[in-house]
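Q: no sequence for this one, just the structure:
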């Protein structure tokens, strides 16, 4: 791709998504990872100030899960720090090849231990390690402070749990705090190895959501990513496992307070485990004030407005959003046509990477007029295309306008009654990237007498009332692609959908 996720400071919105197979509804309750009161009641913690972060504690007699480094690891300090394509400023990017945990706030107690080891590692010669047992006061965690003014926090890392917790306990990957209060965490549940999300609700206490039905294997590296945007009852949370999105919601009921720190490990004593971690990246994105009272976009096209969205509310609540793999759909403040916010769809070349937003039309709709501003900042390989608007009858796409990667030209594609595609080139010139363009279409399906018009930047490029399709109605309009791989970064603003019954 020309670029990847640069441009998405996503609020990561989805609307009532049920994503990966095995996701259960929120509210399923395994034995608690920790009660809300346990945060305040946690035993005092001892800050480890030694340069390499190794705790001085000695394992309690009879403890079976004592981990002691046999020898100093051979790290590779010239290795470049890890990176990802999440937006925001880097708070931490640590592959632990320095051989030290000195860039983290390290807390240990009793036989708890935080250190850098030479095996196992995900990349390079070193990785981080946290060891805790069931011994009284056993504690080990790393913590990173998040800058003030941060709206959304992204945490990303490779994890290998080799010693699980005891029955009923957990092994945490990432924990998100406001002050000393934990507001969200992603963890492996010891009873069955499943991945869970835990979020603190002001009204319901801890709400736990099962993210996988299958166990995360022990002694194996797994890629865990999480994004948290606190916003009260409209808090946004996303979680990925091994580059597949397993949870996404803009309706998590959470406290309306910022994330002030991210933790690896647990702040609670006696949570047994050996957890190795590598290539950890934490990013913080500043917020933009949303304004649902902002004026909605308008135009003079015919029909009754079904959607008029400038995305100034900071979400995609007007749309049905579909994301798979590492595809993302959200709202950001970096690349906008006007106002403070715009939508963004980002997909990559990775298997199953897909992101789109669609809107169903009323039954019996005879004509649909759509209007929107688009800025394509990244494209995929030659031969692929980047879609603007796509029209469906049922699950069948019968008309769409797109930018063809090979030439940059604008094309219209029609599904004929014979189930083959016909193509009309709309421009002889290349549509420039990194530039806002207005795309408008009018579609009135009527079989072989279908009427279609296309405007680009206010200029009528195509008009015909004799387009041959098998469609006799429009049931939905989509922005983005319904299939993969179709890598692109598409910024979208001021979208209007009108219908004529």
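A: On my side now, so go ahead. Just so it is clear, the model here is predicted, and its values are computed rather than measured.

Q: how near is residue 248 to residue 228?
A: 12 Å (C-beta to C-beta, to the nearest Å). For glycine as for every other residue, the C-beta is placed from the backbone atoms N, C-alpha and C.

Q: tell me which of the two has more neighbours.
A: Neighbours per residue, other C-beta atoms under 10 Å: of residue 248 and residue 228, the larger number sits with residue 228, 28 against 25.

Q: between residue 248 and residue 228, what contacts are shared?
A: When contacts are counted by C-beta atoms under 8 Å, 6 or more residues apart in numbering, the set common to residue 248 and residue 228 consists of residue 237.

Q: now the phi/psi pair for residue 297, please.
A: Dihedral angles of residue 297 (phi, psi; degrees, to the nearest 10) stand at phi -70, psi 150.

Q: and the closest residue to it other than its chain neighbours, what does it touch?
A: By the measure of C-beta to C-beta, 6 or more residues apart in numbering, the closest residue to residue 297 outside its immediate chain neighbours is residue 494, 3.9 Å from it. Under the criterion of C-beta under 8 Å, 6+ apart, the neighbours of residue 494 are 297, 309, 310, 337, 338, 371, 372, 373.

Q: now do the same for residue 494: helix, strand or coil?
A: Judged by DSSP: H, G, I helix; E, B strand; the rest coil, the three-state class of residue 494 is strand.

Q: now do it against residue 270, distance only.
A: Using C-beta to C-beta, one obtains 55 Å as the distance from residue 494 to residue 270.

Q: could I get the contacts of residue 494 in JSON lines, plus columns for distance to residue 99 and neighbour count?
A: Converted to JSON lines, the contacts of residue 494 look like this (distance: C-beta to C-beta, whole Å; neighbours: other C-beta atoms under 10 Å):
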{"residue": "297", "distance to residue 99": "55", "neighbour count": "22"}
{"residue": "309", "distance to residue 99": "51", "neighbour count": "23"}
{"residue": "310", "distance to residue 99": "50", "neighbour count": "23"}
{"residue": "337", "distance to residue 99": "48", "neighbour count": "19"}
{"residue": "338", "distance to residue 99": "50", "neighbour count": "14"}
{"residue": "371", "distance to residue 99": "57", "neighbour count": "22"}
{"residue": "372", "distance to residue 99": "52", "neighbour count": "23"}
{"residue": "373", "distance to residue 99": "50", "neighbour count": "20"}
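
Q: check whether residue 181 really touches residue 175, as I assumed.
A: No - contact status for residue 181 versus residue 175: not in contact, 10.8 Å apart, counting by C-beta atoms under 8 Å.

Q: so those two - more neighbours on which side?
A: residue 175 (25 against 14).

Q: bridged to that one, which residues?
A: The bridge-partner assignment for residue 175, based on DSSP bridges, gives residue 185, residue 263.

Q: read off the pLDDT value for it.
A: Predicted confidence (pLDDT) at residue 175: the value is 98.

Q: OK, contacts around residue 125?
A: So residue 125 contacts 73, 74, 75, 76, 97, 118 (C-beta under 8 Å, 6+ apart).

Q: distance-wise, check the third one relative to residue 118.
A: Distance from residue 75 to residue 118, counting by C-beta to C-beta: 8 Å.

Q: do the same with the first one
A: Distance, residue 73 to residue 118, by C-beta to C-beta: 3 Å.

Q: who touches both of the two?
A: Contact with both residue 73 and residue 118 is made by residues 125, 126, according to C-beta under 8 Å, 6+ apart.

Q: these two: who's more crowded?
A: residue 73 (21 against 17).

Q: and the more buried one, what are its phi and psi?
A: When quoted as degrees, to the nearest 10, the phi and psi of residue 73 stand at phi -70, psi 160.

Q: OK, contacts around it?
A: 99, 116, 117, 118, 119, 125, 126.

Q: if you set the cut-off to 6 Å instead, what comes out?
A: Contact criterion C-beta atoms under 6 Å, 6 or more residues apart in numbering gives 117, 118, 126 as the residues in contact with residue 73.

Q: I figured residue 239 was touching residue 226, is that so?
A: Yes - assessed by C-beta atoms under 6 Å, residue 239 is found in contact with residue 226 at 5.0 Å.

Q: overlap of the contact sets of those two?
A: Going by C-beta under 6 Å, 6+ apart, residues that sit against residue 239 and also against residue 226 are residue 186.

Q: neighbour count for these two, which is higher?
A: Shown here are residue 239 and residue 226; by other C-beta under 10 Å, residue 239 has more neighbours (29 against 24).

Q: please report how far that one lies from residue 102.
A: Residue 239 is 29 Å from residue 102, where distance means C-beta to C-beta.

Q: quick check, residue 448 in a helix?
A: Yes - counting by three-state DSSP, residue 448 falls inside a helix.

Q: can you pull the poorly scored residue ranges out of the chain?
A: 1-71, 287-291 (pLDDT under 70).

Q: which residues of it fall in helices?
A: Assigned by DSSP state H, the chain shows helices spanning 36-41.

Q: how long is stretch 163-179 end to end?
A: With C-alpha to C-alpha, to the nearest Å as the measure, stretch 163-179 spans 29 Å from end to end.

Q: list the buried residues of it.
A: The neighbour-count criterion (16 or more other C-beta atoms under 10 Å) identifies 163-165, 169-178 as the buried residues of stretch 163-179.

Q: so how far is residue 279 from residue 186?
A: Between residue 186 and residue 279 the computed distance is 17 Å (C-beta to C-beta).

Q: more crowded one of these two?
A: When neighbours are counted by other C-beta under 10 Å, residue 186 and residue 279 differ, and residue 186 comes out ahead with 27 against 24.

Q: hmm, residue 173 and that one touching each other?
A: Yes - Residue 186 sits in contact with residue 173 when judged by C-beta under 6 Å, with a separation of 4.9 Å.

Q: check which residues of stretch 72-86 are buried.
A: 73, 75, 82, 84, 85, 86.

Q: quick one: which of the residues you listed is nearest residue 413?
A: Top of the list for closeness to residue 413, among the buried residues of stretch 72-86 and by C-beta to C-beta, is residue 85 at 29.2 Å.
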